[in-house]
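> only the shape, not the letters, is given here:
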């Protein structure tokens, strides 16, 4: 009876997942079921490459997109615990040259508010930057401030990119190497990495 209940439960999960996938037009996903703090089961659904007819399986690597931001935040907090980074120190003080002197940040020249940005601002999305410069509401494609750092919230990948520059400069190591040492290897995440060592 207990075995049948487990089978019924698995069938129910499958039915719910497939219905949600159909409703949201999700091509493929993997689902991990955790019980008593341990992974009890991993299930794969749909395709890993629909045009090629390749089915998804439990070894498929997925592009994690903005989930990588949470992992990066955890890494930064580990560096804070180690005394490598101070959340409230202006990030430019960690860099060998002013932020606008870096090619990716030249648009900030003439607006000294870059001196106010802290690691905390980058992590809690209060830098004043748009999410991505290509989505600048003025359609200029430029990186600019839309408010003074620390005064408002606005989701921003650009702020995390800036903090990535700081982390890599301070440690002298690429993001993927740091994440492997401090997160992926300790947590047994053998198939996880930052592709091209950048946050997406």
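Alright, I've got the coordinates. Just so we're clear, the structure is a prediction, and the values are computed from it rather than from any experiment.

> quick one, helices of the protein?
With DSSP state H, the ranges of helices along the chain come out as 2-24, 67-81, 119-123, 157-171, 175-179.

> which ones are touching the residue lying closest to residue 92 once chain neighbours are set aside?
Distances taken as C-beta to C-beta, 6 or more residues apart in numbering put residue 99 closest to residue 92, at 5.2 Å, once the chain neighbours are dropped. To be clear about C-beta, it is placed using only N, CA and C from the backbone, and glycine gets the same treatment. By C-beta atoms under 8 Å, 6 or more residues apart in numbering, the contact list for residue 99 reads 91-92, 105, 108, 114, 117, 162.

> one more time with 10 Å
The neighbours of residue 99, taking C-beta atoms under 10 Å, 6 or more residues apart in numbering as the test, are 90-92, 105-106, 108-109, 114-115, 117, 162, 165-166.

> only the buried subset of these, as a ChimeraX command please.
Filtering these down to the buried ones (16 or more other C-beta atoms under 10 Å) takes a single ChimeraX command:
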select :90,91,92,105,108,114,117,162,165,166
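
> quick one: which of the contacts of residue 99 is nearest to residue 26?
Among those, residue 162 lies closest to residue 26 (C-beta to C-beta), at 32.2 Å.

> now the contacts of residue 99 in CSV, with pLDDT?
Output for the contacts of residue 99, formatted as CSV (pLDDT from 0 to 100):
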residue, pLDDT
90, 98
91, 98
92, 98
105, 97
106, 97
108, 97
109, 97
114, 98
115, 98
117, 98
162, 98
165, 98
166, 98
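
> helices and strands of the protein: which one bottoms out on pLDDT?
The weakest-scoring helix or strand in the chain, judged by mean pLDDT, DSSP states H and E, is helix 2-24 (a mean of 77).

> most packed of the helices of the chain?
Most buried of those, by mean neighbour count (mean count of other C-beta atoms under 10 Å): helix 119-123, with a mean of 23.

> give me the distance from that one to the chain's centre.
Here helix 119-123 is found 14 Å from its chain centre; the criterion is C-alpha atoms, centre = their mean, to the nearest Å.

> touching that helix from outside, list them.
Here helix 119-123 has contacts from 69, 72-73, 76-77, 79-80, 85-91, 94, 126-129, 149-151, 156, 158-164, 166-167, using C-beta under 10 Å, 6+ apart.

> test my guess that residue 107 contacts residue 138.
No: counting by C-beta atoms under 10 Å, residue 107 sits too far from residue 138 to count as a contact (11.7 Å).
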